[in-house]
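Student: can't give you the sequence, but here's the structure:
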């Protein structure tokens, strides 16, 4: 699928820079402004801080890397397939741990779970992400479907994968907004350094997702011989 007449390389390069910037920004926020990360702590907010770091790193950045790596690496198709699958698996695991951290924080802080749109979407996204990975593994890797099944599944696999990824990007920005709103209601100045950092991190997240999509829609570095073996999503 290539709707843009340019090679994927420049779009992927910008996405890489944005991904690094986004990760640095969320770490600065959670470590410098919010006190750090901890799995066990008397200050339960340190447990929560694991959540935005892992969700951004996992579903958004590594999930995006899985997509653009498959489209940009000049490697054999089977090698790209394995890299693509492994990166998505890592993203899924980090996402699950990140969601568990949010539940752990709520439970230990006597806060109810699943009361917000962000949380509802988060559960839906992680379930859909898991379904997408399992389906891709069974049909395109092992045991593998017939050529007819793979050919028929490919466009839906691509479309569904992109849909889930965009949901993840959108929900990440919703999460930044939700947490910033809580902080501002607790006294954080609306134009403080922390508030600006959170907003700019959300912007970088949206831009990263945008350039991942541009990469998907652009021309691959090396054309694959087999159009039905796997997908760039």
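Tutor: Done, it's in. Note that the structure is predicted; figures quoted are calculated from it, not measured. Numbers count the residues shown, from 1 in each chain.
Student: tell me where the longest helix sits in this structure.
Tutor: Taking DSSP state H as the criterion, the chain has its longest helix at helix 147-185.
Student: for the helix or strand that that one is followed by, which positions count as buried?
Tutor: If you walk from helix 147-185 toward the C-terminus, the next helix or strand you reach (DSSP states H and E) is helix 193-217. Using 16 or more other Cβ atoms under 10 Å as the test for burial, helix 193-217 gives 194-195, 197-199, 201-202, 204-217. (C-beta placed from N, C-alpha, C; glycine too.)
Student: by contact count, what packs against helix 193-217?
Tutor: In terms of contacts (3 or more Cβ pairs under 8 Å, 6 or more residues apart in numbering; DSSP states H and E), helix 193-217 is packed against helix 9-27, helix 63-72, helix 147-185.
Student: okay, the angle between that helix and helix 63-72?
Tutor: With axes from the mean of the first three to the mean of the last three Cα atoms, to 10 degrees as the basis, helix 193-217 and helix 63-72 are set at 30 degrees to each other.
Student: helix or strand next in line after the worst-scoring helix or strand of the chain on mean pLDDT, which one?
Tutor: Scoring the helices and strands of the chain by mean pLDDT, DSSP states H and E places helix 63-72 at the bottom, with a mean of 91. Using DSSP H and E, the next helix or strand after helix 63-72 towards the C-terminus is helix 77-108.
Student: I'd like the distance from that next one to the chain centre, please.
Tutor: Centre-to-centre, helix 77-108 and its host chain are 9 Å apart (Cα atoms, centre = their mean, to the nearest Å).
Student: which elements pack onto it?
Tutor: In terms of contacts (3+ Cβ pairs under 8 Å, 6+ apart), helix 77-108 is packed against helix 45-48, helix 50-55, helix 63-72, helix 117-136.
Student: in JSON lines: those helices, plus distance to residue 19 and mean neighbour count.
Tutor: JSON lines is the format used below for these (distance: least, Cβ to Cβ, whole Å; neighbours: other Cβ atoms under 10 Å):
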{"stretch": "helix 45-48", "distance to residue 19": "23", "mean neighbour count": "19"}
{"stretch": "helix 50-55", "distance to residue 19": "13", "mean neighbour count": "22"}
{"stretch": "helix 63-72", "distance to residue 19": "7", "mean neighbour count": "25"}
{"stretch": "helix 117-136", "distance to residue 19": "18", "mean neighbour count": "16"}
